[in-house]
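In: Dropping the sequence and predicted coords here.
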Amino acid sequence: LISSRQLAFLIFLLIPGSSLVFVPGIAAAQDAWISTLLAAGVGLYVLYAIIKLHDIFPGQKISTVSTSVLGKIPGTILNLFFLWSIFLFLLALLFDLNMVLEIIYPFLPDTFSYALVILTSAYCVYKGLIALGRLGELFIGPSLLLMLAGLLLFLPLIDLPNLQPVLSNWKPVVAGTLYVADWPFNQIVIFGLFLPLVTDLSKNKPKLYWWYLAGGLALTLFTMLTIAALGVELVDIYQFPIYEVFRLTGFEDFQRIELGFFLLWFITAITCIIIYYQGLSLLIQDIFSLQHYKPLILPLGLCLLVFAIYMFPNTVEYQWLGFKDVTVYTLPINFLYPTILLIAAKIKQKRLHGETFPITSRQAK
């Protein structure tokens, strides 16, 4: 079990950790920061939906709520769609982290780096949610400090004309909003699998919302300052634009500031991978009605290793498949999954005239 404070820290780390080296809303050009702000509202709704579902079905994970309100077969089918969405996003996180590791350690074989990250994550998942919660508490301080330092270092590079004109065309803003809504904000749905394992959620829900908003604000600021520093053209060209901005920073004898940024992104990215690894294990446990999820950890890690190596053989194919095609699938799934369940739960609640639903789920061991 974890506390609401630990879960709030994990929510904060998830948002920038899965997208900090990129500018997700670059489809909106200089208005990418506006798209990020708008997309944060979509993710806020998803967070509200999973918390509301937990209020209606206390003690149940979102995967067991699915079978409770939709029935065994339809609910399981919806869970399988959600399973594939989580799996795809976890693979994307692994590939993103590997691409950054290739910059720092260019001679490190991909198979070795993937295996190292997966085994590290598997160990944390084996230790359970207590270890994950403590990891969030450990990483939140350094992450906040490095983010604040990064934002301050960006200031001398800002060129405000790079952010103009504002809202010159609404269509790119809509496209950017849809993309950022899926990545990273809609990914907050993964915590629907963790809410029943939070000890003091009922009296500390505002913490989750405040830390979510803090993560969205951090991502918006990094997006705005990166475009202001580099301009739209360079942001679109660079593979890791925020990393490139850090390479331009430095003062007096302090150079290679990007190594500090690498530390920031690594600890947030590895936290995201562990969160999704844990969520995937819990979801498979529920779908197949298993008593424990720990026997799944190593086989699931091997499956991730094989898919990570062969699904995205190079960066070019990943950018075409991972950045463009995958979103078409994951966006509706991550948004509609809690929405359908919330609507079905409301209908069932109304039919039963507010009766309390029985707790049927098993707590994850």
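Out: Yep, it's here.
In: Pretty sure Val180 sits against Leu37.
Out: No - at 9.2 Å, Val180 and Leu37 do not qualify as touching, with contact defined as CB atoms under 8 Å. The C-beta positions use only the backbone N, C-alpha and C, and glycine is treated the same way.
In: more neighbours, those two?
Out: Val180 (32 against 19; other CB atoms under 10 Å).
In: Ignoring the adjacent residues along the chain, who's closest to Leu93?
Out: Once flanking residues are discounted, Leu93 sits nearest to Ile273: 5.1 Å by CB to CB, 6 or more residues apart in numbering.
In: tally of neighbours for that neighbour?
Out: 23.
In: Contact partners for it?
Out: For Ile273, the contacting residues are Leu90, Leu93, Leu94, Leu97, Val117, Ser121, by CB atoms under 8 Å, 6 or more residues apart in numbering.
In: same check, this time on Leu90
Out: Applying CB under 8 Å, 6+ apart, the residues near Leu90 are Ile273, Tyr276, Tyr277, Leu280, Leu304.
In: Confirm that the second one lies within a helix, as I assumed.
Out: When you say that, I think you mean Tyr276. Yes - secondary structure of Tyr276 (DSSP: H, G, I helix; E, B strand; the rest coil): part of a helix.
In: Is there a neighbour count for it? I'd like the number.
Out: Around Tyr276 sit 25 other residues, with neighbours defined as other CB under 10 Å.
In: do the same with the fourth one
Out: Other residues within reach of Leu280, judged by other CB under 10 Å, total 24.
In: doesn't Phe87 make contact with it?
Out: Yes - in this structure, Leu280 is within contact of Phe87 by CB under 8 Å, at 6.5 Å.
In: low pLDDT regions in the stretch 251-365 of the chain?
Out: Scanning the stretch 251-365 of the chain with the threshold set as pLDDT under 70 gives 251-258, 316-317, 319-325, 353-365.
In: the helices in it, which residues?
Out: Using DSSP state H, counting those that start in this stretch, the helices assigned to the stretch 251-365 of the chain run over residues 258-287, 297-311, 315-320, 326-351.
In: Helix 297-311 and the longest one, what's the angle between them?
Out: Computed with axes from the mean of the first three to the mean of the last three CA atoms, to 10 degrees, the direction of helix 258-287 lies at 120 degrees from that of helix 297-311.
In: Closest one to Asp159 out of the contacts of Leu90, please.
Out: The shortest approach to Asp159 among the contacts of Leu90 belongs to Ile273, at 34.9 Å (CB to CB).
In: next helix or strand past the host helix or strand of Arg134?
Out: In this structure, Arg134 sits in helix 129-154 according to DSSP states H and E. Downstream of helix 129-154, the first helix or strand assigned by DSSP H and E is helix 170-182.
In: Now for the nearest residue to Leu94 once chain neighbours are set aside: which residues touch it?
Out: In space, and not counting its chain neighbours, Leu94 is closest to Ala308: 4.7 Å by CB to CB, 6+ apart. By CB under 8 Å, 6+ apart, the contact set of Ala308 is Leu91, Leu94, Phe95, Asn98, Tyr114, Ile118.
In: Keep only those of the contacts of Ile273 that are in helices.
Out: Members of these lying in helices (criterion: DSSP state H): Leu90, Leu93, Leu94, Leu97, Val117, Ser121.
In: could you dump the residues you listed to CSV with pLDDT and distance to Phe154?
Out: Formatted as CSV, the ones in helices among the contacts of Ile273 follow (pLDDT from 0 to 100; distance: CB to CB, whole Å):
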residue, pLDDT, distance to Phe154
Leu90, 91, 30
Leu93, 87, 25
Leu94, 89, 28
Leu97, 85, 23
Val117, 92, 28
Ser121, 93, 31
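In: Quick check: of those, which lies closest to Lys350?
Out: Each of the ones in helices among the contacts of Ile273 was scored against Lys350 by CB to CB, and Leu90 proved nearest at 36.4 Å.
In: What distance do you get for that closest one to Cys272?
Out: 9 Å (CB to CB, to the nearest Å).
In: same thing with Gly17?
Out: On the measure of CB to CB, Gly17 and Cys272 end up 4 Å apart.
In: what does Ala92 give?
Out: Distance of Ala92 to Cys272, given as CB to CB: 10 Å.
In: Compare neighbour counts for those two and give me the winner.
Out: The residue with more neighbours, out of Ala92 and Cys272, is Cys272; 27 against 23, by other CB under 10 Å.
In: Can you get me a residue count around Thr111?
Out: Neighbours around Thr111, by other CB under 10 Å: 11.
In: no wait, Pro24
Out: Neighbours around Pro24, by other CB under 10 Å: 25.
In: How about Ser3?
Out: With other CB under 10 Å as criterion, Ser3 counts 17.
In: wait, isn't it in contact with Gly133?
Out: Yes - Ser3 is in contact with Gly133 according to CB under 8 Å; the separation is 6.6 Å.
In: Can you list phi and psi of the nearest residue to Ile62 once chain neighbours are set aside for me?
Out: With CB to CB, 6+ apart as the criterion, Ile62 has its nearest non-adjacent residue at 3.2 Å, and that residue is Gly192. When read as degrees, to the nearest 10, the backbone of Gly192 gives phi -60, psi -20.
In: contacting residues around Gly192?
Out: Ile50, Leu53, His54, Lys61, Ile62, Ser63, Pro338.
In: how near is it to Ala39?
Out: Taking CB to CB, one finds Gly192 at 19 Å from Ala39.
In: about what we covered before: and the residue nearest to Ile62, how far from His54?
Out: As judged by CB to CB, Gly192 and His54 stand 7 Å apart.
In: anything in contact with each of these two?
Out: Any residue near both Gly192 and His54 by CB under 8 Å, 6+ apart counts here, and that gives Ile62.
In: what's around His54, how many residues?
Out: Residues lying near His54 (other CB under 10 Å) number 23.
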